[in-house]
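**Student:** Need coordinates for the following:
(chains A, B and C)
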Amino acid sequence: MSRPHGLLRAGYPYLRTLGMRRVIGYPTDVGWTDDGNALILMRSEGAASVRIWPIEDADLFTDDLKGFGSYGAGDGQMVWPVQLITDGEGHIYISDEATHRITRFDPDGQFVSKFGARGDSDGEFDGPTGISFDPDGNLVVVDSKNHRIQRYTVDGEYLGGFGSHGSEPGQLDLPWGVHVDELGDIYVADWGNNRFQAFSPEGELKIAVGKLGDGEAEFDRPTGVAVDAHGDIYVSDWGNNRVQMFNSEGHYLWSFRGDASLSRVARNYMLTNAMSNRLREMGRIEQEKYLRRPRSVRIDSDFRLFIPDYESYRVQIYQKDVVVLDRTQFAAPLRNPTLEVT
Amino acid sequence: MKSDRALVAHLMRRAGFGATPSELDKLTMEKTYEEIVDDLVDPDRFEALDTSYIERYYGGEPVAVHVGKWLYRMANTPRPLEEKMSLFLHHIFPVAWGKSEHGHSLYTQIDMFRRVGMTDMRAILLELSRDPAMIFWLDNNENHKDEINENYGRELLELFSMGVGNYTEDDIKAASRAFTGWTFRQPLSLYPNGHYPAEFEFIEDDHDHGEKTFLGHTGNFDGGDIIDIIVRQPATARFISRHLYNFFVEDEVQVPSWNTEPPRNEDAIRELSDVFLESGGQMRPVLRTLFNSDFFKQARDLKKVKSPTELVVGVIRQTGEFSSPTPGIHQFAITTLNGSLVEGPLAIMGQRLMNPPTVEGWHTGHEWIDSGTLSERIGFVESQFEDLSKPGVREMVERAGSLDGDPAQLVDRCLDLLGGITVSENTYDSLVRYASELRGMGGGEEGAPVGVHNLLQMTASTVDYQFE
Amino acid sequence: MATKSADKTLVVVQLTGGNDFMNTIVPYTNGHYYDARNKVVMKQDEVLPISDTLAMNPNAAPFKRLYDEGKMAIIQGIGYPNSNRSHFRGMDIWHTAEPDRVGNEGWLGQAIRELDPNAENVLTGVNIGMGLPRAMAVNGVPVTSVGDLENYGVMTRLEQERLREKALEAFKGIYGQAIGTGPVADYIGQTGLDVLKGADMLADVAERYESDVEYADNQIAKNMRDIARVHFADLGTRIFYTSHGGYDTHANEMPTHPKLMNDVSGAISDFMDDLEEHGKADDVAVFVFTEFGRRMRDNGSGTDHGSGGGAYIFGKNVRGGLYSEYPSLDPSDWEHGEDLQHTIDFRGIYGSLLEQWLDVDAKPIVKGEYEQISPFAN
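**Tutor:** Numbers count the residues shown, from 1 in each chain, chains lettered A, B, ... in the order given. This next block holds a predicted model:
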């Protein structure tokens, strides 16, 4: 599991779109199961649950939409869920920034356990948002309104944490999503400071990238962050309606703005809607493909990039296409730019 | 103390959504009345609420979510008059979600009110005429050069600027022709991806470029020219002044009677109209004059009935439950139960925000009250003030002191805590009697223990509390 | 009391969300129906036929019984021009009887004003449910909305009896004393006392009620039972209103619609039995409506908003049977290429109820004259 020396970046084609309004609520995060399903975490005011949807997409709008969880503060319910992750055994963990807890479900969506209580002491939360497993199988939790990162065992035993409120390098302001890579480094979407930061497992700042804006490596409220096995970093840039991609050094590569096509279920659904089809024809249909307010970004072990397209009731998927390069195929870093023909 | 507490409390209720006791402490300590007015009419002195912070927590498409976000803004804005003006404009330019169910465009319309509400009447009417929600609501999207639809042209003159009796049917036709081609671009359908924004669009080919005569002026007018003429009319100055007076000072008769019924306070309307005309329709000078006037200060004693929005926002400011984003604010608007829409307290009290009943808007004043709406007002404050887990309720109960103290002083403190309100002598005596009765009841044998919160509930259930 | 208990009473039941008319009164021999509906469809061998062409939804067996007894009038194809498929606009139109402009006054509120012109009885119109339906709202017309019959009134959240007693006393004092201190305070004071009066009148209604009819345990059944309880207390109510939600079946219609049918048909037939048991069946009619019907084609799981639906009138004095015409199912007749065309204007049905049952002039309420039907026996 070592990182490649270099990459030939062939492309990052759009793969497909999952879902549509009515079968998927506002998707705020996405995970997946071993058997080919996406677990789409849906949240809007007064509604919250998880939709189970085949990554291959479903043909028809059927009667038995699969999912689990419901809106509420009871066990197995959620009010303001933020992120969803799964462990090696298919257990599902969901953070909830309203009830200040992390809930664990079994692979069938049955409630298993929960932990968390409101407060600002060690082991307490004020609005837990991002969650990720570290290489040891512990949970790293973003404690957003306390502006810090904490680490817990899956049973909720507090293991330590770091972070303080502010805009200096290494400080945090209402952080949101988190990803821990296979080396244990912790990447955080530093929402209020319009940047992402990476920390060592001990909490030392490694890189900080971004400032307010809509240019390259600029952000308007970054929400989620993901890192793939090549070390590439993806950050969902909420206010700019895009996902930005960086290499492991924090060098900006490109942006995903959305290329959605109709999902299979949407295609079939629209066949029964004459008026809607006419309205689409009269409208500015190009805008239909773009992302709207993405709240997360995730990448699986097959290098499929999942973007929950929050305000468009769907998930857009891209497929990374690279060739791994060795030392003979990828030159050492250059100090200076060059116009020399190579 | 630089300013009078009761007067500042009155100002903050009318120009905003009420002040808490600690806010009143600070304001009266630091600023004169006139300085507070200056702050109110110059909202740019205070940083606006961070929209992304609100959107981070409150997501969703139903109109109740949009209403919830608006309520959150009303309760937390550092610019209370800016927010109150957007409510004012929603009252006088009422567009209902019910016709289109396009909540998105309603929300952006309110945002537009927030942006232009304290500029000038020309900008306000121009933005209004370009607003997709308004265009659809009054059918200006069906106003074509070869097929005039007069709905918008008529209401612009009748309900939005001058009032009946100040123009002719020919003026309506001319105005309507001037607004031909003012439409919006068809947004994408709700399916499969949810609502998309609508954008204003001017279709040159569908605009009647011909000569028009409007209120004695002749030219090849378009909508902007019509608005220029409208804002110079004394009738407009008077009409807007009367609306402002009705909203901020004293309940007037309902708008349809304005051309037959004289204003409650002719001098006040004249004063405001003069400022409006002198300043070229600028809202800030008019508002500054209004809030600094004697008629406004004396209006403390006038029985102006609170709108449901003013009541609900005033109460949620008091309870402190939504001083930072917290789930559930949309439930004040509409919520769902067993899959069907159930109306929240605002609607049951008679004010479906973003969904007014007609183009005339809400009938205000005593017409807010009937047996159903009054029961809801009382049930609402009962439920809000009984919950001691709400931070503001807990704080009020602590600050009010024990039931064992002097009942009259206890009532005084409750009145101050509820925003520096005043009540009639009869009510005051009844409250003091009730306070002394509560003292004897203690823990009781059944139900929740008796406490000062019961006195807060009663104080907020009085006839007097229905007045701003 | 302004009204006599022997007067006719109208109960209005709103099916909120747009009931699927084609799956309620099923055109079970029509090929176009089976062509358009793939999954959200009633099987020919399961429906309850009422004629060669139409059948009742199998889950609405109590309706079938009432229909067979001649107590159910089915108004086919009821609707209004230029349906825009919006729930809220649709409901506004039904509530105000104004399809062409945005109306301000509820049709039943206007009827209540005619029935009780001096507003003497706060219970002339009673809604069972939360909030006042637009249909009953007219300024100055007192109607009462009862969310919880056992706990109607003010200060009902106070659990201790003595506290509640003292609170009501204080409330009465404050509102009573406001009268005489100015017109607005007078008005609000009087309204406060009206609330107390309504609460007093309704205070023991629930306890006084006895019946052998056992209503089911669901919301519409409870609401119909509350209507029976208030009606049997002879408080002078002429118009009752209640709603039954959940009909917006865009998805999962096949599993959810049967329960709706089962609940509403059971509640109404139990209510009819209750009236019969109490000797009050002659003077009560129940009108059931929904804002629109649903789309011809299903979407694989449910049906989307359409137009041209159905309404129903129940009562011992109702002449049961089919009224108006079933909308044409031929694709060439579909509105917008996908909806049923309505065959009778709802304002004519309102006119029939107002004039033939409540004896109220319908013209000013529905703003004109529309084709009426004759659904009543005498």
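**Student:** so C:Asn262, which of the three states?
**Tutor:** Of the three states, C:Asn262 takes helix under DSSP: H, G, I helix; E, B strand; the rest coil.
**Student:** if I look at the residue nearest the centre of chain B, how far off is C:Ser86?
**Tutor:** By CA atoms, centre = their mean, chain B has its centre lying nearest to B:Leu87, at 2.9 Å. According to CB to CB, to the nearest Å, B:Leu87 and C:Ser86 sit 25 Å apart. For every residue, glycine as well, the C-beta is placed using N, CA and C.
**Student:** hmm, back to that, I'd assumed B:Met74 was in contact with the residue nearest to the centre of chain B.
**Tutor:** Yes: the pair B:Leu87 / B:Met74 is scored as a contact, 7.3 Å apart, by CB atoms under 8 Å.
**Student:** any shared contact partners between the two?
**Tutor:** When contacts are counted by CB atoms under 8 Å, 6 or more residues apart in numbering or on different chains, the set common to B:Leu87 and B:Met74 consists of B:Thr309.
**Student:** contacting residues for the residue nearest to the centre of chain B?
**Tutor:** By CB under 8 Å, 6+ apart, B:Leu87 lies in contact with B:Met74, B:Thr309.
**Student:** just the one 3 residues further on next, same as before
**Tutor:** In this structure, B:His90 makes contact with B:Ile110, B:Phe113, B:Leu353, B:Met354, B:Pro356, judged by CB under 8 Å, 6+ apart.
**Student:** Assign it to helix, strand or coil.
**Tutor:** Three-state assignment for B:His90 (three-state DSSP): helix.
**Student:** Identify the residue nearest C:Thr303 in space, chain neighbours excluded?
**Tutor:** In this structure, C:Thr303 finds its nearest non-sequential neighbour in C:Arg294, 3.8 Å apart by CB to CB, 6 or more residues apart in numbering or on different chains.
**Student:** OK, contacts around C:Thr29?
**Tutor:** Going by CB under 8 Å, 6+ apart, C:Thr29 touches C:Gln44, C:Asp52, C:Thr53.
**Student:** run the last query once more with 10 Å
**Tutor:** In this structure, C:Thr29 makes contact with C:Gln44, C:Val47, C:Pro49, C:Ser51, C:Asp52, C:Thr53, C:Leu54, C:Ala55, judged by CB atoms under 10 Å, 6 or more residues apart in numbering or on different chains.
**Student:** And for the first one, the neighbour number?
**Tutor:** So the one you mean is C:Gln44. 13 (other CB atoms under 10 Å in any protein chain shown).
**Student:** Run through the residues of chain C sitting next to chain A.
**Tutor:** Residues of chain C lying close to chain A (CB under 10 Å from any CB of the partner chain) are C:36, C:38-40, C:85, C:250-256, C:295-305, C:334, C:336-339.
**Student:** so how far is chain C from the residue in chain B that chain A sits nearest to?
**Tutor:** Residue of chain B nearest chain A, by CB to the nearest CB: B:Gly60 (3.0 Å). Separation of B:Gly60 from chain C (CB to the nearest CB, to the nearest Å): 17 Å.
**Student:** which intervals of the chain have sub-threshold pLDDT?
**Tutor:** This is for chain A. A:1, A:60-63, A:342 (pLDDT under 70).
**Student:** Switch to chain C, please.
**Tutor:** Residue ranges of chain C with pLDDT under 70: C:1-6, C:378.
**Student:** A:Leu15 falls within a helix, correct?
**Tutor:** No: per three-state DSSP, A:Leu15 lies outside any helix segment and is strand.
**Student:** Tell me if stretch A:14-25 is near chain B.
**Tutor:** Yes: under the criterion of CB under 10 Å from any CB, chain B is reached by stretch A:14-25 at A:Thr17, A:Gly19, A:Met20, A:Arg21, A:Arg22, A:Val23, A:Gly25.
**Student:** From one end of that stretch to the other, what's the distance?
**Tutor:** One end of stretch A:14-25 sits 22 Å from the other (CA to CA, to the nearest Å).
**Student:** Which parts of the stretch 201-342 of chain A are strands?
**Tutor:** Under the criterion DSSP state E, counting those that start in this stretch, the stretch 201-342 of chain A contains strands at A:205-209, A:222-227, A:233-237, A:242-246, A:252-256, A:298-299, A:304-309, A:314-319, A:321-325.
**Student:** Figure out how far the shortest one is from the centre of its chain.
**Tutor:** The chain centroid and the centroid of strand A:298-299 are separated by 6 Å under CA atoms, centre = their mean, to the nearest Å.
**Student:** can you tell me which helix in chain A is longest?
**Tutor:** For chain A, the helix with the greatest residue count under DSSP state H is helix A:274-282.
**Student:** Please see if that one touches chain B.
**Tutor:** Yes: counting by CB under 10 Å from any CB, chain B is contacted by helix A:274-282 at A:Met275, A:Ser276, A:Asn277, A:Arg278, A:Leu279, A:Arg280, A:Glu281, A:Met282.
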